[in-house]
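Undergrad: dropping the sequence and predicted coords here.
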Amino acid sequence: MFNNIGISGLIIIFAIALIVFGPAKLPQLGRAFGDTLREFRNSTKGIVDDTPDEKTTIIEIEPKR
């Protein structure tokens, strides 16, 4: 998704964010974005862990007598 931005694009985006939000708000915005991303990853991980995987499903076989 962001493979084609490059260093110069990131610098431009950072400069625009600095102008729009100011230096006092940028750390707060970054922290809020990080918390949101962490919460999203944790919730999607919980959903993925809840669904059984075909490879990890254990089939119980009755022993022969």
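TA: Structure received. Residues are numbered from 1 along each chain as shown.
Undergrad: hey, C-alpha coordinates of the helix or strand Ala15 falls within in PDB?
TA: Secondary structure from DSSP states H and E places Ala15 in helix 6-21. Output in PDB follows, covering the C-alpha atoms of helix 6-21 (Å, rounded to 0.1, in the frame of the first residue of the first chain):
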ATOM      1  CA  GLY A   6       9.700   6.800  -0.400                       C
ATOM      2  CA  ILE A   7      11.700   9.000   2.000                       C
ATOM      3  CA  SER A   8      10.900  12.300   0.300                       C
ATOM      4  CA  GLY A   9       7.100  11.500   0.400                       C
ATOM      5  CA  LEU A  10       7.300  10.700   4.100                       C
ATOM      6  CA  ILE A  11       9.100  14.000   4.800                       C
ATOM      7  CA  ILE A  12       6.500  15.900   2.900                       C
ATOM      8  CA  ILE A  13       3.700  14.200   4.800                       C
ATOM      9  CA  PHE A  14       5.400  14.800   8.100                       C
ATOM     10  CA  ALA A  15       5.900  18.500   7.200                       C
ATOM     11  CA  ILE A  16       2.200  18.900   6.300                       C
ATOM     12  CA  ALA A  17       1.100  17.200   9.500                       C
ATOM     13  CA  LEU A  18       3.500  19.500  11.500                       C
ATOM     14  CA  ILE A  19       2.000  22.600   9.900                       C
ATOM     15  CA  VAL A  20      -1.600  21.400  10.300                       C
ATOM     16  CA  PHE A  21      -1.500  20.000  13.800                       C
END
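Undergrad: got a list of contacts for it?
TA: By CB atoms under 8 Å, 6 or more residues apart in numbering, the residues outside helix 6-21 that reach it are Ile5, Leu26, Leu29. Backbone N, C-alpha and C define where each C-beta goes, glycine included.
Undergrad: run through the chain and note the low-pLDDT ranges.
TA: 1-3, 48-60, 63, 65 (pLDDT under 70).
Undergrad: longest single helix anywhere in the protein?
TA: Secondary structure of the chain read by DSSP state H shows that its longest helix is helix 26-50.
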